[in-house]
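**Q** below is the sequence, then the predicted model.
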Amino acid sequence: MISLKDKTALILGVASERSIAWAIAKKFDSLGANILLGYQFRYHSRIKDLVGQLTNLAGYERCDVTKNEEMGAFFAKTTQPIDVIVHSLAFAPATALENPIIDTKDDDFAQAALISAHSLAKIAQHAVGHMSQGGSIVALTYLGSQRVCANYRVMGVAKAALEAYVRELAFELGPKKIRVNAVSAGPIKTLAASGIKDFDLILDYNRAVAPLRENVTQDDVAGAAAFLASDESKMITGQTIFVDAGYSIVGVPSLS
Ligand SMILES: NC(=O)c1ccc[n+]([C@@H]2O[C@H](COP(=O)([O-])OP(=O)(O)OC[C@H]3O[C@@H](n4cnc5c(N)ncnc54)[C@H](O)[C@@H]3O)[C@@H](O)[C@H]2O)c1
């Protein structure tokens, strides 16, 4: 039985009740963790409405990963030790998702890479002083890092960088007993997903091809994140674990 009792989890990336980060927050809360939320200020009122649902809320503060002062203030205010960090955030400008990848502008690439990948290292740098007893960092990624997924474009490049960061950070932080892993989720309808063209068709295709013939839910992802956050996974680090109903193993799908 997984327990997160006596652990404090910092969860970044709640924007709505559909956010994967929100499902993770509720799951961790139900498993006894104290929950700290870091969020983008534009979602402040939604977060305020949601946090009442958590039993073990330890705090919620704005933490935009592009604003170094805001990040610094967030971690300076955080006085308690942190055991778990969930990085459930990504962004690419609409123009970069809509146009051919050969037209990707420098600034669009820089923004996608900073927010979706490099922020993991920045968060780890801030958090490491709060994790003197070791801990677990979990990032959210997608198959577009390893294979071409239509309309994912520069986000695929950013997710490849994120997964490389997971391995590099796992190697560097391992001696401090801080583990770093990623969960690669199948497609789920969220705010971030609404930026991907033909997302409903992508959902249908995944459901038809995946061995389990289902789309995954936020709760399915939260279950895997809870395992990676818990001591049940204490010898797992540097890995990307797929929660995708098996979609990623299929080369040629059933043709009849
Ligand atoms: N929805 C999917 O199909 C899917 C599949 C695989 C992986 N993921 C990944 O899951 C994670 C969460 O996405 P989601 O689908 O729950 O969507 P979401 O829109 O609910 O969450 C994305 C989050 O990123 C945050 N964010 C963006 N820019 C930020 C910044 N500058 N500073 C701080 N936070 C910022 C937003 O505030 C939001 O909370 C992302 O990494 C996404 O790539 C999503």
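**A** Sure thing, it's come through. Numbers count the residues shown, from 1 in each chain.
**Q** residues in contact with the helix or strand that contains Phe171?
**A** Element membership of Phe171, judged by DSSP states H and E, is helix 154-173. With C-beta atoms under 8 Å, 6 or more residues apart in numbering as the test, helix 154-173 has contacts from 90, 92, 96-97, 101, 104, 108-109, 112-113, 116-118, 120-121, 124, 128, 137, 139, 141-142, 144-146, 148-149, 179-182, 237-240. Using the backbone N, CA and C atoms, a C-beta is placed for each residue, glycine as well.
**Q** which parts of it are buried?
**A** For helix 154-173, burial by neighbour count (16 or more other C-beta atoms under 10 Å) applies to 154-159, 161-163, 165-167, 169-170, 173.
**Q** C-terminal to it, what's the next element?
**A** Using DSSP H and E, the helix or strand that directly follows helix 154-173 along the chain is strand 178-185.
**Q** roughly how far is the helix or strand encompassing Lys122 from the heart of the chain?
**A** In this assignment (DSSP H and E), Lys122 forms part of helix 119-127. With C-alpha atoms, centre = their mean, to the nearest Å as the basis, helix 119-127 stands 13 Å off its chain's centre.
**Q** around the ligand, pick out the residues from this structure.
**A** Neighbours of the ligand within the chain, by C-beta under 6 Å from any ligand atom: 13-16, 19-21, 40, 43, 64-66, 88-91, 115, 140-142, 185, 187-188, 190-193.
**Q** contacts only, for Ala9.
**A** Ala9 sits in contact with 25, 28, 33-36, 82-86, 229, where contact means C-beta under 8 Å, 6+ apart.
**Q** can you tell me the SS state at Phe74?
**A** helix (DSSP: H, G, I helix; E, B strand; the rest coil).
**Q** okay, now it: neighbour count?
**A** 23 (other C-beta atoms under 10 Å).
**Q** brilliant, that's me finished.
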